[in-house]
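Participant: quick one: sequence and predicted model below, then my questions.
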Amino acid sequence: MDMFTEALERIFQECATTAVIRRIEAGGSHAELWSDIVASGYMDVLLPENEGGAGMTLGDAFSLFMLAGKYALPVPFVQTAMARGWLRAHGQAVPQGAIAIAGPEAHRSNANCLQAAGVAYGTVADWVLGEFGDVWMMLPCDVAVKEAGESRGSQMADLCWSSVPTEAVVIEKPETIACTPTQLAAAALAPLLAGAARQALDMTLAYTAQRKQFGRAIMQFQSVQTQISIMAERVWAMRMAAQLVCHAPNNVPSGRLAAIAKARCSEAAVTVADSAHALHGAIGITEECDLQLYTRRLREWRRASGTETWWACYLGQDVISETRGTALDYILSCSK
Amino acid sequence: MTIDTLDLAFIPEQDEALRGPVRAFLRDAVSGLPANLRARSWMGFDADFSRKLADRGWLGLTLPKKYGGAERGPFARFVISEELLAAGAPVSAHWIADRQSGPLILKYGTEAQKQFYLPRISRAEAFFCIGMSEPGSGSDLASIRTRAVRNAGGWLLNGSKIWTTNAQHSHYMIALVRTSGGQEDRYQGLSQLIIDLSLPGVTVRPIEDMSGDAHFSEVFFDNVLCPMDALIGEEGNGWAQVNAELAFERSGPERLYSSMVLVESWLTHCRGNPSQGSARLEAMGNIISWLTVLRSLSIAVTAKLARGESPAIEASLVKDMATEIEQAIPRLIADVIGAEPQIVTPPDLRRVVAYLEQLAPSFSLRGGTREIMRGIIARGLNLR
């Protein structure tokens, strides 16, 4: 682990403890945690050094973003850092505050109101970036009608604006679009899913080594080993999918890779969460056991901004509508 | 945890540069073959085709120049393999020699063995098969009974091997045999021999599979006298040597692209026959996204091989997932074809689906079964 990643991990260990996560999920203030992360400078990792950033590439920042998943971070660090890099690449001034990103859930209704239902981190964001109708916008959350609490501790929110607020920031689309806000939403969730899945695997390894039944640790049973092996495969694939989408020139992820990463990470998230619970037994579904902090997020982040089915259809449409090139060509174009 | 992180890696430019020439060659050489024949790919035998590849310097890519190789390394082989498999080229003649017998001989062989075998492998003049399974020993290789006894004239070999891919077309078999002790000694007392399959006492009997092909065989050894230098590596070190080969065997593109000819045929079909349904979009998206991620994992393992590591556990993890996708492809595509009954499916495409449906179970058997892979992963996670 490099120096930057280690330093951020120490911050998360101190400031984003499971007690802090539970307090923020219960409606407590996230201001202190947020300002600790802002003060650390990590929010601007993707901005150039002469603008106060760390000048890192998205690829360098990948391991930082995984940590946010591993620590079930209850504030949108990944979304905000990625959005700040993306906004700057689009020549846009970068505002203060926490940014959530809406995926395909963002839309403009017939009545001309702007809506985004089930936005990840919608409860704690100051801004929502998304495609509303045909317009790329950042909308302020303080003037939105907000509905949250679909389950205890959920940080998803439904946001609604009856008209375009005056503080809205409209982002001009570039001539060639590399990554839409919808794709950015998917890209940001991939390392979060991969990090949380890794933590669920590690907790399962620790639990099955310690829990004894029939006179031996349950990890010694072959059926348990098989389930854990399958979990590990998924966790390794999720990490690779997330790393692929973070390998991006100019810190703007590729739209195709965002689709690939969100499809693969979302599907695998369910397998990992299900197996983690199966192997933890009843204790795993208690409030007291920390496993729920990660598995609830795996399921929420899977549903947010398009599930595996939505992104698979999106990708399939993209592959079939290309008029030339083989399937291998398409795969190679995603791995450059 | 002893499973290494698999980090994103990329094929170096000089190796990527091989892609254009091999594609141009394949356009002429195989695009005329029907898709159901191309779907056989590394089960398809064509010695002349392998020699044409050798003439162009595309065999022995990982072997040193002084033994007739190209001294290019695993990434060059990855590019060539990927193109050959995706095109459905009939590569089985040289496949095993090029993939693992050559590297094995390079690693463990004597100078004389290297000088004899490696140039022949690079020229597509020596084809190899791997003798592991026996009638009573599938996944449990410690229980093999084939035995070689050293006498004044060499190694006297008795026993049999089964499910040996390509034995009927091969000149040599690298076999795992018992040279000392008994079954109770498990992995002790096993050695590897290079067996000349033209020797008296060797009988090769091809076995027909349900598709009508005979890609594997049963091989009998009845008092076969192999010369002393048939032993490769160290006597009694066979198990360790076999395991060192596995990273080559288990992580490559052939664990990913077994159903690729079907993907390409179906993509062409979809583009030519529009449909309103979302079933095909979802299946296509799942297939392409899985293949993209697994290809990157396979390249990450290749990068470890290129650094001289032997990532056997990581290769097992990639193989298990990759073969799962290879097997899912015919199932997913068959389902979509049936979900769009109003669109006429060309017979050629249906023949590919039918062939792969029948052969797909073998994808997770060959090269070590799914159950064995998961056991290896569990060991990598310190569960056993």
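Facilitator: Noted; the coordinates are in hand.

Participant: low-confidence ranges in the stretch 201-350 of chain B?
Facilitator: Counting by pLDDT under 70, not a single residue of the stretch 201-350 of chain B qualifies.

Participant: what segments of it are strands?
Facilitator: For the stretch 201-350 of chain B, the strands defined by DSSP state E, counting those that start in this stretch cover B:202-207, B:216-226, B:231-232.

Participant: hey, which of the ones you listed is tucked in deepest?
Facilitator: For the strands of the stretch 201-350 of chain B, the largest average neighbour count (mean count of other C-beta atoms under 10 Å in any protein chain shown) is found in strand B:231-232, namely a mean of 23. No exception for glycine: its C-beta is placed from N, CA and C like everyone else's.

Participant: packing partners of that one?
Facilitator: If contacts are counted by 3 or more C-beta pairs under 8 Å, 6 or more residues apart in numbering or on different chains; DSSP states H and E, strand B:231-232 sits against helix B:102-108, strand B:190-196.

Participant: hmm, who's touching it?
Facilitator: Under the criterion C-beta atoms under 8 Å, 6 or more residues apart in numbering or on different chains, residues B:104-105, B:108-109, B:113, B:155, B:174, B:191-194, B:241 lie in contact with strand B:231-232.

Participant: got CSV for the strands of the stretch 201-350 of chain B, with distance to B:Ile333 too?
Facilitator: Formatted as CSV, the entries for those read as follows, by distance: least, C-beta to C-beta, whole Å:
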stretch, distance to B:Ile333
strand B:202-207, 28
strand B:216-226, 26
strand B:231-232, 42
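
Participant: that older thread, between the helices and strands packed on strand B:231-232, which one is closest to B:Gly60.
Facilitator: Distances from B:Gly60 to each of these were compared using C-beta to C-beta; the shortest belongs to helix B:102-108, at 6.2 Å.

Participant: buried residues in the closest one?
Facilitator: For helix B:102-108, the neighbour count (16 or more other C-beta atoms under 10 Å in any protein chain shown) marks B:102-106, B:108 as buried.

Participant: ok, A:Leu315 - contacts?
Facilitator: For A:Leu315, the contact set (C-beta under 8 Å, 6+ apart) comprises A:256, A:259-260, A:263, B:281, B:284-285, B:288-289.

Participant: which of those fall in helices?
Facilitator: Secondary-structure check on the contacts of A:Leu315 using DSSP state H: residues within helices are A:256, A:259-260, A:263, B:281, B:284-285, B:288-289.

Participant: name the nearest of those residues relative to A:His277.
Facilitator: The closest of the ones in helices among the contacts of A:Leu315 to A:His277 turns out to be A:Ala263 (C-beta to C-beta; 22.8 Å).

Participant: show me where pLDDT drops low in the stretch 151-300 of chain A?
Facilitator: With pLDDT under 70 as the threshold, the stretch 151-300 of chain A has no low-confidence stretch at all.

Participant: now the helices and strands packed on strand B:231-232 in a markdown table, with mean pLDDT and distance to chain A?
Facilitator: Formatted as a markdown table, the entries for the helices and strands packed on strand B:231-232 read as follows, by pLDDT from 0 to 100; distance: least, C-beta to the nearest C-beta, whole Å:
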| stretch | mean pLDDT | distance to chain A |
| --- | --- | --- |
| helix B:102-108 | 96 | 25 |
| strand B:190-196 | 98 | 25 |
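
Participant: most proximal residue of the stretch 1-150 of chain A with respect to chain B?
Facilitator: Closest approach between the stretch 1-150 of chain A and chain B, counting by C-beta to the nearest C-beta: A:Gly59, at 7.8 Å.

Participant: residues contacting the closest residue to that residue other than its chain neighbours?
Facilitator: Across the structure, with C-beta to C-beta, 6 or more residues apart in numbering or on different chains as the measure, the residue nearest A:Gly59 apart from its sequence neighbours is A:His247 (4.9 Å). Contact partners of A:His247, counting by C-beta under 8 Å, 6+ apart, are A:58-59, A:62, A:257, B:8.

Participant: give me the element the residue of the stretch 1-150 of chain A closest to chain B is part of.
Facilitator: Assessed by DSSP states H and E, A:Gly59 sits inside helix A:58-70.

Participant: not counting that helix itself, show me its contacts.
Facilitator: Surrounding helix A:58-70, the residues in contact under the criterion C-beta under 8 Å, 6+ apart are A:1-2, A:4-5, A:8-9, A:12, A:42, A:45-46, A:77-78, A:81-82, A:85, A:188, A:191-199, A:239, A:242-243, A:246-248, A:251, A:253, A:297, B:8.

Participant: from the chain's centroid, how far away is it?
Facilitator: 10 Å (C-alpha atoms, centre = their mean, to the nearest Å).

Participant: how about that helix, which residues are buried there?
Facilitator: For helix A:58-70, by 16+ other C-beta under 10 Å, it's A:58, A:60-70.

Participant: then stretch B:344-353?
Facilitator: Within stretch B:344-353, the residues scored as buried using 16+ other C-beta under 10 Å are B:349, B:351-353.

Participant: return the subset of those lying in helices.
Facilitator: B:349, B:351-353.

Participant: near chain A, from the residues you listed?
Facilitator: Restricting those to those adjacent to chain A (criterion: C-beta under 8 Å from any C-beta of the partner chain) removes every one of them.

Participant: only alpha carbons, please: show stretch B:179-195 as PDB.
Facilitator: Provided in PDB are the C-alpha atoms of stretch B:179-195 (Å, rounded to 0.1, in the frame of the first residue of the first chain):
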ATOM      1  CA  THR B 179       8.900 -44.500 -10.400                       C
ATOM      2  CA  SER B 180       9.100 -45.600  -6.700                       C
ATOM      3  CA  GLY B 181       6.900 -46.400  -3.700                       C
ATOM      4  CA  GLY B 182       3.200 -47.200  -3.900                       C
ATOM      5  CA  GLN B 183      -0.100 -45.400  -3.700                       C
ATOM      6  CA  GLU B 184       0.300 -44.900   0.100                       C
ATOM      7  CA  ASP B 185       3.200 -42.600  -0.700                       C
ATOM      8  CA  ARG B 186       0.800 -40.200  -2.400                       C
ATOM      9  CA  TYR B 187       2.800 -37.500  -4.200                       C
ATOM     10  CA  GLN B 188       6.200 -39.000  -3.300                       C
ATOM     11  CA  GLY B 189       7.800 -41.200  -5.900                       C
ATOM     12  CA  LEU B 190       6.100 -39.700  -9.000                       C
ATOM     13  CA  SER B 191       8.200 -38.600 -12.000                       C
ATOM     14  CA  GLN B 192       7.600 -37.200 -15.500                       C
ATOM     15  CA  LEU B 193       8.700 -39.100 -18.600                       C
ATOM     16  CA  ILE B 194       8.800 -38.000 -22.200                       C
ATOM     17  CA  ILE B 195       7.300 -41.000 -24.000                       C
END
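
Participant: would you map the helices across the stretch 101-250 of chain A?
Facilitator: Along the stretch 101-250 of chain A, the segments classed as helices by DSSP state H, counting those that start in this stretch run A:181-210, A:222-246.

Participant: report pLDDT for the residue of the stretch 1-150 of chain A closest to chain B.
Facilitator: According to the model's per-residue confidence, A:Gly59 sits at a pLDDT of 95.

Participant: and A:Met137, what does it touch?
Facilitator: Shown here is A:Met137, whose contacts under the criterion C-beta under 8 Å, 6+ apart are A:114, A:129-131, A:164, A:168-171.

Participant: list only buried entries from those residues.
Facilitator: A:114, A:129-131, A:164, A:168-169, A:171.

Participant: wait, what's in contact with the nearest residue to B:Cys226 once chain neighbours are set aside?
Facilitator: Distance criterion C-beta to C-beta, 6+ apart; nearest residue to B:Cys226, sequence neighbours excluded, is B:Trp155 at 4.4 Å. Applying C-beta under 8 Å, 6+ apart, one finds that B:Trp155 lies in contact with B:148-149, B:179, B:193, B:225-228, B:230-231.
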